[in-house]
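Asks: Dropping the sequence and predicted coords here.
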Amino acid sequence: MTGTQKTEGTLKEIFAAGLLVPADRGLVVKRKRFSVEQITRILKHGELGTPIAILCCQSGIAEQSHYRYKKTYGGLEPSEARELKQLREENTKVKRLVADLSLEDSMLQDVLQNIR
């Protein structure tokens, strides 16, 4: 089997798995979403000595993603990582609420000044 035949066979497998989808400008790789538990499991394997390149290939993530996950969730247990994610989401919601209320307060102050 030549390199071209191997690549064609691999592309057929990728299409069959639904990892590549047609787009307006060629093919687009379909993004996977990993749960916090999956991410921490991948990071644990890396901490146990599995080479990063092999770990990324096996789990289907880019090395850049691995290092981003490591920066965010490195050294955390799955329960701690899940709690961290929930707290960050809650913090984002609270910030959005504060911004909305500040805008509303500012608008009310402007209306009050125009009435006087």
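Replies: Arrived safely, thanks for sending. Numbers count the residues shown, from 1 in each chain.
Asks: For the protein, which segments are assigned as helices?
Replies: For the chain, the helices defined by DSSP state H cover 3-17, 36-47, 52-59, 63-73, 78-115.
Asks: most neighbours per residue, which of the ones you listed?
Replies: Mean neighbour count (mean count of other C-beta atoms under 10 Å) peaks for helix 36-47 among those, with a mean of 17. (Each C-beta comes from the backbone N, C-alpha and C, glycine too.)
Asks: Put the alpha carbons of that helix into CSV.
Replies: Only the C-alpha atoms of helix 36-47 are listed here, as CSV (Å, rounded to 0.1, in the frame of the first residue of the first chain):
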residue,chain,number,x,y,z
VAL,A,36,-14.1,18.0,32.8
GLU,A,37,-13.6,14.4,33.9
GLN,A,38,-12.2,13.4,30.5
ILE,A,39,-9.8,16.4,30.5
THR,A,40,-8.5,15.5,34.0
ARG,A,41,-8.1,11.9,33.0
ILE,A,42,-6.0,12.9,30.0
LEU,A,43,-3.9,15.2,32.3
LYS,A,44,-3.4,12.4,34.8
HIS,A,45,-2.0,10.1,32.1
GLY,A,46,0.4,12.9,31.2
GLU,A,47,1.5,13.3,34.9
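Asks: Could you give the average pLDDT over it?
Replies: Regarding helix 36-47, the rounded mean pLDDT is 91.
Asks: Kindly state the pLDDT recorded for the spatially most central residue of the chain?
Replies: Closest to where the C-alpha atoms of the chain average out (C-alpha atoms, centre = their mean) is residue 33, at 6.3 Å. Note on residue 33: pLDDT of 82.
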